[in-house]
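Colleague: Need coordinates for the below:
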Amino acid sequence: RESTRDFVGLTQMNDKHYQFPMKDSENKDEERSGVLETIFPIRYMHISNPLFDKKVSLNCSEEQRKSHISDLKECLKKVNRTRPKIVVASGYLDAECKRFMGKVNE
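Modeller: Numbers count the residues shown, from 1 in each chain. I've put the predicted structure just below:
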């Protein structure tokens with residue numbers, strides 16, 4: 001409905017390269033403000049490990065498992081240092097992998 005200025009979804013973009021209009025102190029009209037706030041990309045990380053494959057997880061030797069767990073720990077350290085908004089891990093997660101995944105900081 002154009003007469004009421006209703007929009008479905010996100011705020012109307014004014015084609016100013018990923019910037020939403022913001023309310024400023026002088027202009028009380030939020031939709032037509034000249035002050036813009038930059039939108040930054042959302043940082044996410046996808047974690048992968050050979051242990052997330054059920055066949056590998058169940059059939060690997062103890063040495064291989066320790067090596068994969070060590071790699072997973074290093075990956076989770078990087079995740080905690082980077083602090084992304086979203087962390088994705090998909091596949092078969094056994095109890096030990098779930099325990100390590102629980103150590104990801106919020």
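Colleague: for this structure, what's the longest helix?
Modeller: helix 62-82 (DSSP state H).
Colleague: Give me the next element, helix or strand, following that one.
Modeller: Sequence-wise, the next helix or strand downstream of helix 62-82 (DSSP states H and E) is strand 86-89.
Colleague: Show me what that next one is packed up against.
Modeller: Packing partners of strand 86-89 (3 or more Cβ pairs under 8 Å, 6 or more residues apart in numbering; DSSP states H and E): strand 44-47. Using the backbone N, CA and C atoms, a C-beta is placed for each residue, glycine as well.
Colleague: neighbouring strands for the strand it packs on, and are they parallel or not?
Modeller: If you go by DSSP bridges, strand 44-47 pairs up with strand 86-89 (parallel).
Colleague: Residues touching the partner strand, excluding its own?
Modeller: 42-48, 52, 79, 101, 104 (Cβ atoms under 8 Å, 6 or more residues apart in numbering).
Colleague: So for that strand, what gets flagged as buried?
Modeller: Residues of strand 86-89 classed as buried by neighbour count (16 or more other Cβ atoms under 10 Å): 87, 89.
Colleague: after it, next one along is what?
Modeller: Following strand 86-89 in sequence, per DSSP H and E, is helix 95-101.
Colleague: So which residues make contact with that next one?
Modeller: With Cβ under 8 Å, 6+ apart as the criterion, helix 95-101 contacts 47, 49, 51-52, 57, 69, 72-73, 76, 89, 93.
Colleague: Using neighbour counts, trim the contacts of strand 86-89 to the buried set.
Modeller: 45, 47, 52, 79.
Colleague: which residues touch the first one?
Modeller: Translated: Met45. Contacts of Met45 by Cβ under 8 Å, 6+ apart are 78-79, 82, 84, 86-88.
Colleague: repeat for His68
Modeller: Applying Cβ under 8 Å, 6+ apart to His68 gives the contacts 49-51, 60.
Colleague: Which of these ranks first by neighbour count?
Modeller: Leu51 (23 neighbours; other Cβ atoms under 10 Å).
Colleague: Verify the contact between that residue and Ile69 for me.
Modeller: Yes: assessed by Cβ atoms under 8 Å, Leu51 is found in contact with Ile69 at 7.3 Å.
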